[in-house]
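K.L.:
pasted the sequence and its predicted model underneath.
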There are 2 protein chains.
Amino acid sequence: MDETATSAPAQGRGDDATEPTFATQSEAAYHRIREAIITGQLAPNEKLLLDGLRERFRFGTSPLREALSRLAADRLVIARGQRGFRVAPISEEEYRDIVNMRLLLEPEALQRSIANATLAWEGNVAAAFHRLSRVESALDRAPDDSGGIWEHENQRFHFALVENCGSPWLLNFITALADQAERYRRPAVEMRAVPMERLIQEHKALFDAAMSRNATLAAELLKVHIRNAASHLSKALFHAGDDAAGGQAIEAGNEQA
Amino acid sequence: MDETATSAPAQGRGDDATEPTFATQSEAAYHRIREAIITGQLAPNEKLLLDGLRERFRFGTSPLREALSRLAADRLVIARGQRGFRVAPISEEEYRDIVNMRLLLEPEALQRSIANATLAWEGNVAAAFHRLSRVESALDRAPDDSGGIWEHENQRFHFALVENCGSPWLLNFITALADQAERYRRPAVEMRAVPMERLIQEHKALFDAAMSRNATLAAELLKVHIRNAASHLSKALFHAGDDAAGGQAIEAGNEQA
DNA sequence: ATTCGCAAGAACTTCGATATTTTCGCGGAA
DNA sequence: TTCCGCGAAAATATCGAAGTTCTTGCGAAT
């Protein structure tokens, strides 16, 4: 296999998706490989042979190694001295950890976002919600997120919600976790592990609470949303043939919504 | 200037400080430069000339670039395509952000650590506290943390407290923030900006609360401790000649201890 | 006096080759 | 049969040079 698709200032498509162009090979390689890992084109725990990557992505060794170094710092890749690189493995345990971190960080960020609310931010959230709704209803009728479009819009909606929190570090952590989480979500979505209908409702409720600037309610809804999605996902991915039991310890959870 | 000090399996010193040895030049460079940035040997915002670094640290270009790539992902270095690297700048604004994140994460981690308390963990905390106390009382008499020994033991104590939280991601974030914070703390310590006496008291109280497994109290003490240290530091670094005013918005702060 | 463009120099990136380390498989000894 | 060690093959890590891109300073034109 051989997938070239890096530089060359791609010019206007009807979309708003501005095909990014990178200043260096290293950057291009970083984004390309990162994408491949997140979407699962490079499987968890897969050995990353430099020759293989050179052949497949058409980057030189130096850009590749720099990209892999950055990805190692992001924890998407594991680097072992003199033993090369592999895709970071996934596990139920780490997934629980990630979800718990999201439960800690995202509601907090959402509350701050709402506290700092501006017209521009509301606009962004509304736009993101609108796009997501469109995609969701389409997906509800014909479930198939082939291009990862739902995945993409879902991310953008969630990010728009917290974007206004005013803390670069908080956003940094949240996006790092979102990237990690996507590795688990992708396969689950393809398995239709999460009932789309309920997702749509939760997104709507979340959106309404945010727009009415009810910070505590919005935060609570977000928690419930994350927990709910995670528990479905966890069941589908890690307990395929299990009988009842519930998805283990995902933070005690004071249900109320 | 020229400071070589990297590989070569350094053999036993009386210390417990096992001089780490690295499998690759890249790793050595990463740790060496990281240290230099954190301790301020490389100043905030300083341009990092590849030739300069090669000359100074005696690494080749490739290891250097890989190290800098990783450091960029850690946010200790800023990389601009085709324009090389510089040390990440510092600012009062970012410092506030970092402190607020620590206030969010560390108390949470401490509570979890206590909830998971084991004998081994208690032992580690006690050991770290003991070492810190020794250093602190010495420093209280003759204030001069030349080798950064207090800095080191202070870090170890704080890390020991949260280490048992059971969440690799939480620890990951906490250490990233601690690294960043150290860049601000170092100069402040040298200015004797923080009264050692109060620090000693707070550490003692924190330690006692942790050992008696009073999670909520310990968490609260930790918050107060972080806030207190940060406010002194902020005043010294950013408001040198100011009259009264208070160190701006570092999370509302429900004092009680 | 200011702005613009160009050319020389400096710096960053990337390539290709080499040195080093690890991995794998095979054959011999216990 | 199992274990160990050795050597070949594979893979990683690093170097040094070449190719690009940026930066700087000077001179000409407005």
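P.N.:
Arrived safely. Numbers count the residues shown, from 1 in each chain, chains lettered A, B, ... in the order given.

K.L.:
and stretch A:100-110, how far out from the chain middle?
P.N.:
For stretch A:100-110, the distance from its own C-alpha centre to the chain's C-alpha centre is 14 Å (CA atoms, centre = their mean, to the nearest Å).

K.L.:
what lies in contact with that stretch?
P.N.:
Outside of stretch A:100-110, the residues that reach it under the criterion CB atoms under 8 Å, 6 or more residues apart in numbering or on different chains are A:158, A:161-162, A:165, A:167, A:170-171, A:173-174, A:177-178, A:181, A:210, A:215, A:218-220, A:222-223, A:226-227, A:250-251, B:104-105, B:108, B:167, B:169-170, B:173. Quick note: C-beta positions are derived from backbone N, CA and C, even for glycine.

K.L.:
need the residues of chain A near DNA strand C, please.
P.N.:
With the criterion set to CB under 7 Å from any atom of the strand, chain A comes near DNA strand C through A:Ala23, A:Thr24, A:Gln25, A:Ser26, A:Phe59, A:Gly60, A:Thr61, A:Ser62, A:Pro63, A:Glu66, A:Gln82, A:Arg83.

K.L.:
phi, psi for the fourth one please.
P.N.:
With angles defined as degrees, to the nearest 10, A:Ser26 sits at phi -60, psi -50.

K.L.:
you'd agree it is up against A:Leu71?
P.N.:
No - at 11.2 Å, A:Ser26 does not count as touching A:Leu71 under the criterion of CB atoms under 8 Å.

K.L.:
confirm that A:Tyr30 sits in a helix.
P.N.:
Yes - looking at A:Tyr30 with DSSP: H, G, I helix; E, B strand; the rest coil, it is inside a helix.

K.L.:
ok, how many other residues are close to the residue nearest to it when sequence neighbours are not counted?
P.N.:
If the residues on either side of it in the chain are set aside, A:Tyr30 comes closest to A:Ala67, at 4.0 Å by CB to CB, 6 or more residues apart in numbering or on different chains. The local packing of A:Ala67 (other CB atoms under 10 Å in any protein chain shown) involves 28 other residues.

K.L.:
count of neighbours near the residue of the stretch 151-257 of chain A found nearest DNA strand D?
P.N.:
Using CB to the nearest atom of the strand, the point where the stretch 151-257 of chain A gets nearest to DNA strand D is A:Arg183, with a distance of 21.3 Å. The burial count assigned to A:Arg183 is 21, neighbours taken as other CB under 10 Å.

K.L.:
remind me which helix or strand it belongs to.
P.N.:
With secondary structure defined by DSSP states H and E, A:Arg183 is part of helix A:168-190.

K.L.:
buried stuff in that helix?
P.N.:
Under the neighbour-count criterion of 16 or more other CB atoms under 10 Å in any protein chain shown, helix A:168-190 has A:169-171, A:173-174, A:176-186, A:188-189 buried.

K.L.:
which helices and strands does the helix or strand A:Phe129 falls within pack with?
P.N.:
Using DSSP H and E, A:Phe129 maps to helix A:119-141. Packed against helix A:119-141 by the contact rule (3 or more CB pairs under 8 Å, 6 or more residues apart in numbering or on different chains; DSSP states H and E) you find helix A:149-162, helix A:196-211.

K.L.:
mind listing what's buried in the last one?
P.N.:
In this case it means helix A:196-211. By neighbour count with 16+ other CB under 10 Å, helix A:196-211 contains the buried residues A:Met196, A:Leu199, A:Ile200, A:Glu202, A:His203, A:Ala205, A:Leu206, A:Phe207, A:Ala209, A:Ala210.

K.L.:
check contacts around the closest residue to the last one other than its chain neighbours.
P.N.:
The spatially closest residue to A:Ala210, leaving aside those adjacent along the chain, is A:Ala218, at 4.8 Å (CB to CB, 6+ apart). With CB under 8 Å, 6+ apart as the criterion, the residues that contact A:Ala218 are A:Leu110, A:Gln111, A:Ile114, A:Leu161, A:Leu206, A:Ala209, A:Ala210.

K.L.:
okay, the nearest residue to the fourth one once chain neighbours are set aside: pLDDT?
P.N.:
Just to be clear, that refers to A:Leu161. Spatial nearest neighbour of A:Leu161, chain neighbours left out: A:Leu110 (5.4 Å); criterion: CB to CB, 6+ apart. According to the predicted model, the pLDDT of A:Leu110 comes to 98.

K.L.:
C-alpha coordinates for the helix or strand in which A:Leu110 is found, CSV please?
P.N.:
Using DSSP H and E, the secondary-structure element containing A:Leu110 is helix A:92-115. As requested, C-alpha coordinates have been extracted for helix A:92-115 and formatted as CSV (Å, rounded to 0.1, in the frame of the first residue of the first chain):
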residue,chain,number,x,y,z
GLU,A,92,-9.9,-1.3,29.0
GLU,A,93,-7.9,0.0,32.0
GLU,A,94,-6.5,2.9,30.1
TYR,A,95,-9.9,3.6,28.6
ARG,A,96,-11.4,3.9,32.1
ASP,A,97,-8.6,6.3,33.0
ILE,A,98,-9.2,8.4,30.0
VAL,A,99,-12.9,8.6,30.6
ASN,A,100,-12.4,9.5,34.3
MET,A,101,-10.1,12.3,33.3
ARG,A,102,-12.6,13.6,30.8
LEU,A,103,-15.2,13.5,33.5
LEU,A,104,-12.9,15.6,35.6
LEU,A,105,-11.8,18.1,33.0
GLU,A,106,-14.5,18.7,30.5
PRO,A,107,-17.4,19.7,32.8
GLU,A,108,-15.0,22.0,34.6
ALA,A,109,-14.0,23.6,31.3
LEU,A,110,-17.6,23.8,30.2
GLN,A,111,-18.5,25.7,33.3
ARG,A,112,-15.7,28.1,32.7
SER,A,113,-16.7,28.5,29.1
ILE,A,114,-20.2,29.5,30.1
ALA,A,115,-18.9,31.8,32.7
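
K.L.:
for that helix, the distance to its chain's centre please.
P.N.:
In terms of CA atoms, centre = their mean, the centre of helix A:92-115 is set 13 Å apart from its chain centre.

K.L.:
quick one, it and helix B:168-190 angle?
P.N.:
With axes from the mean of the first three to the mean of the last three CA atoms, to 10 degrees applied, the angle from helix A:92-115 to helix B:168-190 works out at 60 degrees.

K.L.:
mind listing what's buried in helix A:92-115?
P.N.:
Neighbour count says helix A:92-115 has A:94-114 buried, by 16+ other CB under 10 Å.

K.L.:
quick revisit: so the helix holding A:Arg183 versus helix A:119-141, what angle?
P.N.:
With the same axes, to 10 degrees defining the directions, helix A:168-190 sits at 10 degrees from helix A:119-141.
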